[in-house]
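Fold the following.
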Amino acid sequence: MDGVAVNGLTEAERTAVRQKKISFVFQAFRLFHSLSALDNVALGFELRDPTLPGRTEMAKDLLVRFGLGEKLNQEPYELSPGEKQRVAIARALAGNPPILLADEPTASLDAQAGRSICQLLRSQVDDEGRTVVVVTHDPRWQEFADRTMNLCDGQIEQGEKNS
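Down below sits the predicted model:
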């Protein structure tokens, strides 16, 4: 990664790479239920850099960008599944990591919310230059991917570059 063989790094060095360069979006959202949407995202900034000033304002900006400006102070139980996933993505993007790994980010979403998440993650590649890797069974990702790979029993069955 960035010219460094990560398999030769110590555990502490690998942890630092994950903390600064890689972020995760989970199928089950993994939001903190006692925190508002704003606080969930601000926590993402704090975990990446505890000394960073203005975390709350940056979290607010991300949430507004993702269409959640009206939901800043709501807790996860007050949000729809699509809104929860957008909060989770905003938290993952806190601190501007260059790599985003997403595990089934549309699995529990209806068609409209799922497509919105596909578009949102695609925009991270096109507009922000981020690397986004999505692991999914959801066929609608095909049209958003630069490249797809199919796995069967742990083996790459097919890999193709999408046009």
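
Neighbours of the nearest residue to Ala37 once chain neighbours are set aside, how many?
Counting by Cβ to Cβ, 6 or more residues apart in numbering, Ala37 lies nearest to Val87, which is 4.7 Å off, once chain neighbours are set aside. C-beta here means a position set from N, CA and C on the backbone, and glycine is covered the same way. Applying other Cβ atoms under 10 Å, we find 29 residues neighbouring Val87.

quick one: Val87 and Gln158, what's the gap?
34 Å (Cβ to Cβ, to the nearest Å).

does the residue nearest to Ala37 count as helix, strand or coil?
helix (DSSP: H, G, I helix; E, B strand; the rest coil).

for it, what are its contacts?
Neighbour list for Val87: Phe29, Leu31, Ala37, Asn40, Val41, Leu63, Phe66, Leu68, Lys71, Pro76, Leu79 [criterion: Cβ atoms under 8 Å, 6 or more residues apart in numbering].

Read off the pLDDT value for the third one.
Spelled out, it's Ala37. Ala37 carries a pLDDT value of 97.

What of Ser123?
So, for Ser123, pLDDT stands at 93.

so which strand or helix has it?
If you go by DSSP states H and E, Ser123 is part of helix 111-126.

now could you export just the CA positions of that helix as CSV?
Provided in CSV are the C-alpha atoms of helix 111-126 (Å, rounded to 0.1, in the frame of the first residue of the first chain):
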residue,chain,number,x,y,z
ALA,A,111,-34.6,-1.0,-4.2
GLN,A,112,-34.7,2.8,-3.9
ALA,A,113,-32.5,3.0,-0.8
GLY,A,114,-30.1,0.4,-2.2
ARG,A,115,-29.7,2.3,-5.5
SER,A,116,-29.0,5.5,-3.5
ILE,A,117,-26.2,3.7,-1.6
CYS,A,118,-24.8,2.3,-4.9
GLN,A,119,-24.7,5.9,-6.3
LEU,A,120,-23.3,7.4,-3.1
LEU,A,121,-20.4,4.9,-3.0
ARG,A,122,-19.8,5.2,-6.8
SER,A,123,-19.5,9.0,-6.3
GLN,A,124,-16.7,8.4,-3.7
VAL,A,125,-14.7,6.8,-6.6
ASP,A,126,-15.6,9.4,-9.2
